[in-house]
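>>> Show me how the following folds:
(4 chains)
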Number of protein chains: 2
Amino acid sequence: MPKPPAVPKSAAARKRPPQRRAAPDAALADSGKAARSRRTQARILDAAEELFSHHGIYGVSIRDIADRAGVDTALLHYHFANKDGIYEAVMLRRAGDVNEARKRAMDDYARKSGGKPSIEGIVRAYMQPVFERLRTGGRGFNNYAALIALANNSALWGGGTVKEYFDPAVQRLVDLLRLALPKAREEDLYWGYQFLSGALTLSYSRNARIEGLSHGRCRANDYAAIEPRLVAWCAAGLRALGACR
Amino acid sequence: MPKPPAVPKSAAARKRPPQRRAAPDAALADSGKAARSRRTQARILDAAEELFSHHGIYGVSIRDIADRAGVDTALLHYHFANKDGIYEAVMLRRAGDVNEARKRAMDDYARKSGGKPSIEGIVRAYMQPVFERLRTGGRGFNNYAALIALANNSALWGGGTVKEYFDPAVQRLVDLLRLALPKAREEDLYWGYQFLSGALTLSYSRNARIEGLSHGRCRANDYAAIEPRLVAWCAAGLRALGACR
DNA sequence: CGGGTTATTGATCAAATCGTGAATTTCGCG
DNA sequence: CGCGAAATTCACGATTTGATCAATAACCCG
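Predicted coordinates for the structure are as follows:
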């Protein structure tokens, strides 16, 4: 009886298709059943990522995703159990990569700068992986970023699993800032992060107000223009916060 | 196309009978049919405001709103035609008031400061009306602000009518900043506004990450703590942007 | 090549959704 | 009072949504 594993309702979100390792020979890395399945899942997640980033989780139906991915509705349930499963998978797919890169960049900078890291350097290291991927990561990462921005300004900041990927990088950032701003109050470091976070996420959100406001002088996704300005902005703000004790 | 599901299903709350209105005596200013109608519409908008701010426009059904307002679904269509009409009415209801107050505050400050307005003063005048209402405006304005934050980081920044209320105040802000930062590049003034806007909206959004990150040291809606820090932060950032030409 | 597992589709359901038009209440006004 | 318009409710239909079950296609391995 080929039946999709009827997972108990309580553990529905846990369900994952058995993930086989790629064939050891790997003459062709992505041939074979498992690889094909993985590619299909990726196509589903790509579609969901794009649609979620435009309309939010509730503005997209499972059918919308299935149509855009070119598969049947039931397949989404087979791979991801339900809609929340799809959403969580989308949120987690890139979370590890970008935050590992953040921690690596901050560690590298901390080592390179010896005992005297600059605020600019710390902030730049934290932001650089995101901007790099925004510029070169294709439409996929841009959709993901817009979705993160959407979730960040709402109550549903992921199902609760997302923070486990994002929070450690933030703590690393705050730790470095504490080193560079020894006179700053502890709470001001966190307020500083919150302001930084708000400005950063708005920059890769789907909001393009600035184009109309500036009469076309600024383009909303001109990340080459945004990155240095945002670094300077946040560094100055952090210094002001750290000094106002 | 985005067609909506719903959010929270409280079976008990669903069958709650329509709440009878308060005593009809009330011989006060607004009795009469028109006033009653206006009060009903206000109740509907209050309910929609709260639900939209939590779950987004697609996460709320017309029934959810009607139930919470204690009226029939058809009444929402009678007053606001359809869901988009409700959304627009919610967005516009407080838009005029807060932005008029912003312009007034900036005009007052510009006059009071003569020809030498400070960055801090300008930014404070722009933000003050919002923080004042967040502190004293009751739950209604807090819901509205959270909804604005949600819309601000998404593609649907109002149906297009909202910007006509918000943009003039922003332009007034930029005009004053141009005066106070004569060496700044034109586009940097707008980037500055964008960063300011991101940090500001995140501060009154429904995101409470900072409470967990700071281990309870910061409370997400401690506006008395946020306002002065955000003013200092943005002023420092603007100065840095304006000087880096 | 053939059995068995996995991936994918087709058909379908119960519930929820938006919207409408007819009834019913409320209330101003003559 | 009592008529008529505005405000509000009732009942309902067409459509969409999330989800499931059985049936088929693709593939691996012996």
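
>>> so who does A:Ile122 touch?
A:106, A:109-110, A:173, A:176-177, A:180 (CB atoms under 8 Å, 6 or more residues apart in numbering or on different chains). Every C-beta, even on glycine, is put in place using the N, C-alpha and C of the backbone.

>>> rerun that using 7 Å as the cut-off
By CB atoms under 7 Å, 6 or more residues apart in numbering or on different chains, the contact list for A:Ile122 reads A:106, A:109, A:173, A:176-177, A:180.

>>> show me where pLDDT drops low in chain A?
Applying pLDDT under 70 to chain A flags the ranges A:1-31, A:159, A:244-245.

>>> Domain map for it?
A:28-92, A:94-243 (automatic domain parsing).

>>> Would the last one count as contacting DNA strand D?
Yep, that's domain A:94-243 we're talking about. No - using CB under 7 Å from any atom of the strand, we find that domain A:94-243 stays clear of DNA strand D, coming within 13.5 Å at best.

>>> Quick check: end-to-end length of that domain?
The first residue of domain A:94-243 is 36 Å away from its last residue (CA to CA, to the nearest Å).

>>> just checking, next helix/strand downstream of the lengthiest helix in chain A?
Longest among the helix segments of chain A by residue count, using DSSP state H, is helix A:33-55. Following helix A:33-55 in sequence order, the next helix or strand is helix A:62-69 (DSSP states H and E).

>>> Buried residues, the next helix-or-strand element following that next one. List them.
Scanning forward in sequence from helix A:62-69 by DSSP H and E, the next helix or strand is helix A:73-80. The neighbour-count check on helix A:73-80 (16 or more other CB atoms under 10 Å in any protein chain shown) flags A:76-77, A:79-80 as buried.

>>> Give the other helices and strands that helix A:73-80 contacts.
For helix A:73-80, the elements it packs on are helix A:33-55, helix A:62-69, helix A:83-93, judged by 3 or more CB pairs under 7 Å, 6 or more residues apart in numbering or on different chains; DSSP states H and E.

>>> Kindly export the longest one (C-alpha atoms) in CSV.
Below are the C-alpha coordinates for helix A:33-55, written out as CSV (Å, rounded to 0.1, in the frame of the first residue of the first chain):
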residue,chain,number,x,y,z
LYS,A,33,15.7,9.5,-7.6
ALA,A,34,16.8,11.2,-4.4
ALA,A,35,18.4,14.0,-6.3
ARG,A,36,15.4,14.5,-8.5
SER,A,37,13.3,14.6,-5.4
ARG,A,38,15.5,17.2,-3.9
ARG,A,39,15.3,19.3,-7.0
THR,A,40,11.5,19.1,-7.0
GLN,A,41,11.5,20.2,-3.4
ALA,A,42,13.8,23.1,-4.2
ARG,A,43,11.4,24.1,-7.0
ILE,A,44,8.5,24.1,-4.6
LEU,A,45,10.4,26.1,-2.1
ASP,A,46,11.5,28.6,-4.8
ALA,A,47,7.9,29.1,-5.8
ALA,A,48,6.7,29.4,-2.2
GLU,A,49,9.6,31.8,-1.4
GLU,A,50,8.6,34.1,-4.2
LEU,A,51,4.9,34.1,-3.5
PHE,A,52,5.2,34.4,0.3
SER,A,53,7.6,37.3,-0.1
HIS,A,54,5.0,39.2,-2.2
HIS,A,55,1.8,38.3,-0.5
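
>>> Identify each buried residue in it, please.
For helix A:33-55, the neighbour count (16+ other CB under 10 Å) marks A:34-35, A:37-38, A:41, A:44-55 as buried.

>>> Also the shortest one?
Buried residues in helix A:62-69, defined by neighbour count with 16+ other CB under 10 Å: A:62, A:64-66, A:68-69.

>>> between it and helix A:83-93, what angle do the directions make?
Inter-element angle recorded for helix A:62-69 and helix A:83-93: 50 degrees (by axes from the mean of the first three to the mean of the last three CA atoms, to 10 degrees).

>>> can helix A:62-69 be found next to DNA strand D?
Yes - applying CB under 7 Å from any atom of the strand, one finds helix A:62-69 touching DNA strand D at A:62-64.

>>> Tell me the one among the residues you listed nearest to DNA strand D.
When these are ranked by distance to DNA strand D (CB to the nearest atom of the strand), A:Ile62 comes first, at 3.7 Å.

>>> mind checking how far that closest one is from B:Leu173?
43 Å (CB to CB, to the nearest Å).

>>> just A:Ile210 next, same as before
Plainly put, A:Ile210 is 13 Å away from B:Leu173 if you go by CB to CB.

>>> what does A:Arg185 give?
From A:Arg185 across to B:Leu173, the span is 29 Å (CB to CB).

>>> Of all the helices and strands packed on helix A:73-80, which one is nearest A:Glu164?
Of all the helices and strands packed on helix A:73-80, it is helix A:83-93 that lies closest to A:Glu164, at 9.3 Å by CB to CB.

>>> who's in contact with that closest one?
With CB under 7 Å, 6+ apart as the test, helix A:83-93 has contacts from A:13, A:45, A:48-49, A:52, A:57, A:62, A:65, A:76, A:80, A:147, A:158-159, A:161-162, A:165.

>>> What would that helix look like as CSV? C-alpha coordinates only.
Taking Å, rounded to 0.1, in the frame of the first residue of the first chain, the C-alpha atoms of helix A:83-93 are listed here in CSV:
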residue,chain,number,x,y,z
LYS,A,83,1.3,24.9,4.7
ASP,A,84,3.2,25.7,7.9
GLY,A,85,5.7,23.1,7.0
ILE,A,86,6.3,24.8,3.7
TYR,A,87,6.7,28.1,5.4
GLU,A,88,9.1,26.8,7.9
ALA,A,89,11.1,25.0,5.3
VAL,A,90,11.4,28.2,3.3
MET,A,91,12.5,30.2,6.3
LEU,A,92,15.1,27.7,7.4
ARG,A,93,16.5,26.8,3.9
